[in-house]
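Q: Give me the fold of what follows.
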Amino acid sequence: MGKSLMIQGTMSSAGKSLIVAGLCRIMKQDGYRVAPFKSQNMALNSYITGDGLEMGRAQAMQAEAAGVEPSVYMNPILLKPTNETGSQVIVNGEVYKDMSAREYFAYKKGLIPDIRYAYERLAAENDIVVIEGAGSPVEINLKTDDIVNMGMAEIADSPVLIVGDIDRGGVFAQLCGTMMLLEESEKKRVKGLIINKFRGDKTILDSGIAQLERLAGRSVLGIVPYMDVQLEDEDSVTDRFDARRASDIDIAVIRFPHISNFTDFDIWENVDGVSLRYVSRAYDIGKPDMIILPGTKSTVDDLLWLRESGLEAAVLRQYNNNGCILFGICGGYQMLGDEINDTVSVRGMGLIPMATVFEAEKERTRVEGVFKNVSGVLACLNGLPICGYEIHMGQSYVKSGNDTKKNECYLTELTDNVAGAKKVEGYCGDRVYGSYVHGIFDKSGTVEAITSALAKRKGIETPGFHILDYEQYKQQQYDRLADVLRGALDMDKIYRIIESGV
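A: Predicted coordinates for the structure are as follows:
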């Protein structure tokens, strides 16, 4: 069985996910077979594995840093919030059921065998498993039957490092308070502390660190600087929704209350000459060149929010009066149709002659293929490759005359890599487009074609767009993250902790 190391934090957004990703990259560079693991993740950003199973996208990102194929064993329990008090519970990549928080809290101890099995599978196949905790290990009202922090450390018999966030302030209290509230048996597992997100001259911390180490009884194994690395965020804590910049081409993404898989648009943030901004108020819509309606966990609720907030009317004004292009992905694609039939029937935006019917089974698959049969402003996409995944409950039927299921205006021609079948999907009009494929924008050629088409419409002859190869860019960011952590952490000590637990 492989060794393990667990990274826990003093709070959400202390930096656990990035620390785990960086350690995975370092260990890969050092010749180890390494895999990430998080027993339970709560996120709307999810990922579909090669065998059609669903897992948290953060663990898929960490697997990419480790240079291994994402596996559902890296995240056996995924909670996808459906409202303020409930979530869809996904176990081993399959939907189990919707549960309230109280129901899940009473039920989760029964998931320990699934967690143990998943972890042991990874440990048997790898030299090191880097485990990520969730939130804080000392939420004392939640510690009963814990399965993601110290409870997981016990399952894996893993040493623990605790990360504190100095950028928010109070890092010494964070770390000392966490140690104080741990049980004695839990304290024994903690082998070191990490201070994360520091800005400035770290020598000014010397006296505070000396007191921290004395009070907490553990050494500080590194002071990690605030890192400007561009990697996928956890959806609950991202700050990219607030990003603003002025550029030649303006793309607005509607920020639904239940927005999911907004990682679909990360590539646009690295295109010089393009501004990508998230909009949640009609007042802020402006006059964008393209509006994207993204995926959502609650299509009907978010469509009604769009309508009640005035954003639907604002989007339609931009489309009808200012020539804006609309592009819907997954739930956003469904909204563009005539109607959505879930537990109730709701009128759509009426821009695509399409009906969507929600079904009991979730579609989960990876796909690859090409843009095909594309017309209108984005006809330049024809023939360009696509690689991504689908994850949705509804099935959409585009109408042609009296035939509801005949679709002569599809957007993509794909191979379903799980079922092995070929299909066409999506919709294209003159200025309205839709698809179920997450990752449809991930190819740099696709982004270049769309950007050039938008620039041409504005009469920009020499847009000067610089579009990076997205996969290459991500690999560069993982290496950059690893370089920063190597310089900040006592890796010799960390390897000794992994090997001997001291």
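Q: centre of the chain versus stretch 172-186, how much separation?
A: 30 Å (CA atoms, centre = their mean, to the nearest Å).
Q: Quick one: mean pLDDT over that stretch.
A: On average, the pLDDT along stretch 172-186 is 96.
Q: Just the residues contacting it, thanks.
A: Residues outside stretch 172-186 that contact it (CB atoms under 8 Å, 6 or more residues apart in numbering) are 10-11, 14, 136-138, 140, 150, 153, 162, 164-165, 187, 190, 193, 195, 208, 211-212, 215-218. For every residue, glycine as well, the C-beta is placed using N, CA and C.
Q: Okay, and which of these map to helices?
A: Among the contacts of stretch 172-186, the ones falling in helices (DSSP state H) are 150, 153, 187, 208, 211, 212, 215, 216.
Q: what's near enough to touch the residue sitting nearest the centre point of the chain?
A: Among the residues of the chain, residue 45 comes closest to the average C-alpha position under CA atoms, centre = their mean, at 3.8 Å. Listed by CB under 8 Å, 6+ apart, the contact set of residue 45 reads 56, 57, 58, 232, 234, 235, 260, 261, 262, 263.
Q: which two in these are spaced the farthest apart?
A: Within the contacts of residue 45, 56 and 262 form the most distant pair, 14.3 Å apart (CB to CB).
Q: who's more crowded, these two?
A: residue 56 (30 against 23; other CB atoms under 10 Å).
Q: Dig out what that one forms beta bridges with.
A: Beta-bridge pairing for residue 56 (DSSP bridges): residue 46.
Q: For it, report the pLDDT, please.
A: pLDDT, read off for residue 56, is 93.
Q: Show the contacting residues for it.
A: 38, 41, 43, 45, 46, 47, 75, 78.
Q: picking that back up, do you know the pLDDT at the residue nearest to the centre of the chain?
A: 87.
Q: what's the distance between it and residue 363?
A: Plainly put, residue 45 is 17 Å away from residue 363 if you go by CB to CB, to the nearest Å.
Q: Same check on residue 274?
A: 31 Å.
Q: do residue 486 as well
A: 42 Å.
Q: What of residue 50?
A: Distance from residue 50 to residue 363, by CB to CB: 16 Å.
Q: Neighbour count for these two, which is higher?
A: residue 363 (17 against 13).
Q: Show me the strands in the stretch 1-150 of the chain, by range?
A: 3-9, 34-37, 40-42, 46-48, 54-56, 77-81, 86-91, 94-100, 128-132 (DSSP state E, counting those that start in this stretch).
Q: oh sorry, the question was meant for the stretch 401-502 of the chain
A: Ranges of strands within the stretch 401-502 of the chain are 412-416, 422-425, 427-428, 432-435, based on DSSP E, counting those that start in this stretch.
Q: Outside of the first one itself, list whatever touches it.
A: Read it as strand 412-416. Counting by CB under 8 Å, 6+ apart, 365-373, 386, 421-426, 435, 437, 440 sit against strand 412-416.
Q: make it 10 Å
A: For strand 412-416, contacts defined as CB atoms under 10 Å, 6 or more residues apart in numbering pick out 52, 363, 365-374, 381, 384, 386-388, 390, 421-428, 435-437, 440.
Q: Of those residues, just the buried ones, ChimeraX syntax please.
A: The ChimeraX selection below is limited to those of those classed as buried (16 or more other CB atoms under 10 Å):
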select :52,363,365,366,367,368,369,370,371,372,373,374,381,384,386,388,390,425,426,427,428,435,436,437,440
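Q: Any stretches of the stretch 401-502 of the chain with poor pLDDT?
A: Scanning the stretch 401-502 of the chain for pLDDT under 70 picks out 401-408, 461-466, 502.
Q: For the residue lying closest to residue 202 once chain neighbours are set aside, give me the pLDDT.
A: In space, and not counting its chain neighbours, residue 202 is closest to residue 223: 4.7 Å by CB to CB, 6 or more residues apart in numbering. Predicted confidence (pLDDT) at residue 223: the value is 96.
Q: who does residue 223 bridge with?
A: Here residue 223, judged by DSSP bridges, has bridge partners residue 195.
Q: Below-threshold pLDDT in the protein: ranges please.
A: 233-246, 400-408, 461-466, 502.
Q: Could you rerun that using 80?
A: 83-85, 232-247, 399-409, 461-469, 501-502 (pLDDT under 80).
Q: Could you pick out the longest strand of it?
A: strand 354-371 (DSSP state E).
Q: just the CA coordinates of that one, formatted as CSV?
A: What follows is strand 354-371, C-alpha atoms only, in CSV (Å, rounded to 0.1, in the frame of the first residue of the first chain):
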residue,chain,number,x,y,z
MET,A,354,-37.0,23.2,-29.0
ALA,A,355,-38.7,21.4,-26.1
THR,A,356,-36.7,19.9,-23.2
VAL,A,357,-38.1,17.1,-21.1
PHE,A,358,-36.4,16.2,-17.8
GLU,A,359,-36.0,12.5,-17.2
ALA,A,360,-35.1,10.4,-14.2
GLU,A,361,-31.7,9.2,-15.6
LYS,A,362,-28.8,11.6,-15.8
GLU,A,363,-26.8,11.7,-19.1
ARG,A,364,-23.1,11.3,-18.3
THR,A,365,-20.6,10.7,-21.0
ARG,A,366,-17.4,11.9,-22.6
VAL,A,367,-17.6,13.0,-26.3
GLU,A,368,-15.3,14.0,-29.1
GLY,A,369,-16.0,15.1,-32.7
VAL,A,370,-16.3,18.2,-34.8
PHE,A,371,-18.4,21.3,-35.3
